[in-house]
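Asker: This is a predicted model, with the sequence first.
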Amino acid sequence: MDNNRIGRFLSELRKENNMTQQELADRLNVTDRAVGNWENGRRMPDYSVLLELCRRLNVSVNELLAGERITPEKKEEKFEENIREIITVNRNEKKKHRLIVGVMSVIILVMFILTVRFALIRNSIIMDPDLKYERRLSEETRYFQYEQLEKISFDYEMGVNKFGTVVFRYPDKALERLKADCSEGIEAVRKAFDLPELTNRSFRLYKTYGWQLVDADAEAPPQLLEQGRLISRVLDIYENSFYDNFRLRNS
């Protein structure tokens, strides 16, 4: 089906009937731009206006789709040809539609996954992979406090990420080790400051208040006060694996 040929034929028929594009558009309840698109071969008339269009232009549907006047001898031949072309066009349109739907579905799914992942990272529900451990600490960055932590447990092994920030090699292991090593101190901080359970969502509260346990409970055993300080030190490094902390430090 030749859209350009049909468009030229439409233009000729409209002029034969002494109508402007606007006049034809008004009679079909469409815009003159739609008529212009038909005549330029950019679009085909919708099936809902096809019969009325043919009636207004004094032409058969068969002739319109053929893009020319048809003699009685060729009427049946052209009709069959037009039907075959319509079927082919419909099949192609369905394939195109399925392809578009498939591509859009994949795009929407990818966007959804990326949006959810970004939201999880921003809200510290998961760690930002860009901030993960990349290499061991150099001698220049190996401070005494880092060495002391690593001596406590291999779970506190540290390095730096690609931005040069000190991070735990295995942040989840470090947090679980802290819970095991400082369970009494964590419980003391929780009760003293009425905090929720220590998780990757609430750890900043414990980081802030761990140092302050001595102020909240001056009579606490030295062991608990030391655990309070250790809690803050460990969580201060643990925090470096999360996006929002990195963003705040570099804004």
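Answerer: Done, it's in. Numbers count the residues shown, from 1 in each chain.
Asker: Every contact and neighbour count from this point should use C-alpha atoms.
Answerer: Will do.
Asker: Point out where this protein drops to low pLDDT.
Answerer: 1, 71-90, 92, 120-131, 133-134, 137-147, 216-218, 243-251 (pLDDT under 70).
Asker: The most centrally placed residue in the chain and residue 103: what is the separation?
Answerer: In the chain, the C-alpha nearest the mean C-alpha coordinate belongs to residue 111, at 2.0 Å (Cα atoms, centre = their mean). Applying Cα to Cα, to the nearest Å, the value for residue 111 to residue 103 is 12 Å.
Asker: and if you look at residue 43?
Answerer: Counting by Cα to Cα, the gap from residue 43 to residue 103 is 23 Å.
Asker: More neighbours: those two, which one.
Answerer: When residue 43 and residue 103 are compared for neighbours, residue 43 comes out ahead with 15 against 12, by other Cα atoms under 10 Å.
Asker: okay but that one is in contact with residue 37, surely?
Answerer: Yes. Between residue 43 and residue 37 there is a contact under Cα atoms under 8 Å: 5.4 Å.
Asker: Residue 42 in helix, strand or coil?
Answerer: Under DSSP: H, G, I helix; E, B strand; the rest coil, residue 42 falls in the coil class.
Asker: residue contacts, the nearest residue to it once chain neighbours are set aside?
Answerer: If the residues on either side of it in the chain are set aside, residue 42 comes closest to residue 3, at 7.2 Å by Cα to Cα, 6 or more residues apart in numbering. Contact analysis of residue 3 by Cα atoms under 8 Å, 6 or more residues apart in numbering lists 38, 41-44.
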